[in-house]
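> The amino acid sequence is not available; the structure is as follows:
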């Protein structure tokens, strides 16, 4: 009887152990919920409420700004002005873009898509190319302060003001005063004198100094030569071709004369040997190191030069005449501008940013950085070229040749074909024919 009791107890204990082991096994099966689950427990109302979710920060409004500025010191001034604007307008962010040589191509794509930057540089084409994309800025407080020389350039016959002109173009030739003084050369007033000076510098320096610098990477440098000297050859003289260009009767064989003069620079060894592969960004260093005599265009790169050679003396002069009896000239118009896209979702803020750039302190910073005349009255500047502008204030300023006498789109043709000419892939006669064909094609659009 006792043995039976012990055996029964052992069996019962073993059964309990087996049941307990099965219920603690992990696996994919779950214990079924009871048919009548117990009601949920009541919450303890005395416990603290959960912490609120952190407040979301409102996204800043972003204004996009595209500029043609290439020189880092000027870009830095833009950035400085933008930072000042952002401090006064905490809810607005500004995205600055400096696309460099791709600027025009990028803007053409954006025009085709009607998706322009909120603010963009019209770089000489405020009315002709970009007019229908720009908001009217005539009611802005700065509009009445435009200089007499720039007002009509960006204002149409109906009074629409297309852009703020922060810097007026007054393109001539920048030169090294030190080099000209070393070789006893006065700033040339005629093209023949300019070439004679270049040959003297090249020969007497035994090729150590390059008279002129070009870049095939930044092909606008070839375009700039053709543009400013087209004015000297065809527009500036008393007996000129201005009407022939405008009424489409110009003899394009004459373009070959201008093309030949540029080609002669290469043949005479008066330009850098690596002209097709060189970059504009290398120009300031060459100038600073006394390896370059003349640079076509404005002296906006001067600050970059002085970073390397602080005491280098830089001069500025008009474009020499090319026809006997004529006088030197400047090519001008818009240089650095700001226009507002009329369809911008942030048009009021875009106008506000432009107005901030139009402030006296902003304009003075830009004038001193660009070394160019400001586009608004009452803006004082104090830089090394102020005396040169004063000296040459009576010199005639002609609008950029291509913007008046060629249809929209020809600037790219001049730049590209100028590069092709120096590369030896086309002749001067072929260059003339391409110019004629493209002018006729573009005027039919």
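Now that the structure is in, tell me what you want to look at. All values reported here derive from a predicted model rather than from experimental measurement. Residues are numbered from 1 along each chain as shown.
> Kindly indicate whether the one residue sitting closest to the centre of the chain is helix, strand or coil.
Residue closest to the mean C-alpha point of the chain, counted by C-alpha atoms, centre = their mean, is residue 68 at 1.3 Å. For residue 68, the assignment made with DSSP: H, G, I helix; E, B strand; the rest coil gives coil.
> any idea how far it lies from residue 121?
5 Å (C-beta to C-beta, to the nearest Å). For glycine as for every other residue, the C-beta is placed from the backbone atoms N, C-alpha and C.
> just the helices in the stretch 101-250 of the chain please.
Using DSSP state H, counting those that start in this stretch, the helices assigned to the stretch 101-250 of the chain run over residues 103-112, 151-154, 177-182, 191-204, 220-230, 242-246.
> Please read the previous query as pertaining to the stretch 251-400 of the chain.
According to DSSP H, counting those that start in this stretch, the stretch 251-400 of the chain carries its helices in the segments 255-267, 283-288, 302-308, 347-357, 360-370, 386-391.
> can you tell me the distance between the two ends of stretch 267-287?
Criterion C-alpha to C-alpha, to the nearest Å; first-to-last residue distance in stretch 267-287 is 22 Å.
> If you count neighbours, what's buried in it?
Under the neighbour-count criterion of 16 or more other C-beta atoms under 10 Å, stretch 267-287 has 270-272, 275-276, 278, 280-281, 283-287 buried.
> Let me see the mean pLDDT of that stretch.
Throughout stretch 267-287, pLDDT has a mean value of 96.
> And the contacts of it?
Stretch 267-287 is contacted by residues 70, 176, 195, 198-199, 202, 207, 210-218, 221, 265-266, 292, 295, 301, 304-305, 308, 312, 314, 419, 422-423 when judged by C-beta atoms under 8 Å, 6 or more residues apart in numbering.
> Which among those count as buried?
Among the contacts of stretch 267-287, those scoring as buried are 70, 176, 195, 198, 202, 210-216, 218, 221, 265-266, 292, 295, 301, 304-305, 312, 314, 419, 422 (criterion: 16+ other C-beta under 10 Å).
> Identify the residues contacting the residue nearest to the centre of the chain.
Residue 68 makes contacts with 98, 103, 121, 123, 336, as judged by C-beta under 8 Å, 6+ apart.
> what's the answer for residue 64, then?
So residue 64 contacts 95, 97, 117-119 (C-beta under 8 Å, 6+ apart).
> just residue 257 next, same as before
Taking C-beta under 8 Å, 6+ apart, we find residue 257 in contact with residue 233.
> so how far is residue 232 from it?
Distance from residue 257 to residue 232, by C-beta to C-beta: 12 Å.
> same question, residue 440
25 Å.
> between the two, which one's more packed in?
The neighbour comparison of residue 440 against residue 232 (other C-beta atoms under 10 Å) goes to residue 232, with 25 against 12.
> Make sure that one is actually in contact with residue 331.
No. With contacts counted by C-beta atoms under 8 Å, residue 232 stays clear of residue 331, the gap being 9.0 Å.
> Counting by contacts, list what the longest strand anywhere in the chain packs against.
In the chain, with assignment by DSSP state E, the single longest strand is strand 330-340. Applying 3 or more C-beta pairs under 8 Å, 6 or more residues apart in numbering; DSSP states H and E, one finds that strand 330-340 contacts strand 119-120, helix 151-154, strand 164-171, helix 347-357, helix 360-370, strand 397-399.
> Could you say which of the ones you listed is packed most deeply?
Counting by mean count of other C-beta atoms under 10 Å, strand 119-120 has the highest mean neighbour count of the helices and strands packed on strand 330-340, with a mean of 28.
> what are the pairing partners of that one, and which direction each?
Applying DSSP bridges, strand 119-120 is found paired with strand 61-66 (parallel), strand 330-340 (antiparallel).
> Centre of the chain to it, how far?
Chain-centre distance of strand 119-120: 11 Å, with C-alpha atoms, centre = their mean, to the nearest Å.
> got the end-to-end distance for stretch 60-77?
With C-alpha to C-alpha applied, stretch 60-77 spans 23 Å between its terminal residues.
> can you tell me the average pLDDT over it?
Here the average pLDDT along stretch 60-77 is 94.
> For that stretch, which residues meet the burial criterion?
63-71, 73-74, 77.
> Can I get those residues in CSV including distance to residue 427?
Formatted as CSV, those follow (distance: C-beta to C-beta, whole Å):
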residue, distance to residue 427
63, 48
64, 43
65, 43
66, 37
67, 37
68, 32
69, 36
70, 31
71, 35
73, 40
74, 38
77, 44
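> and which of these is nearest residue 411?
residue 68 (12.4 Å; C-beta to C-beta).
> any idea which helix or strand carries the closest residue to residue 362 other than its chain neighbours?
Spatial nearest neighbour of residue 362, chain neighbours left out: residue 81 (4.9 Å); criterion: C-beta to C-beta, 6 or more residues apart in numbering. Using DSSP states H and E, residue 81 sits in helix 72-88.
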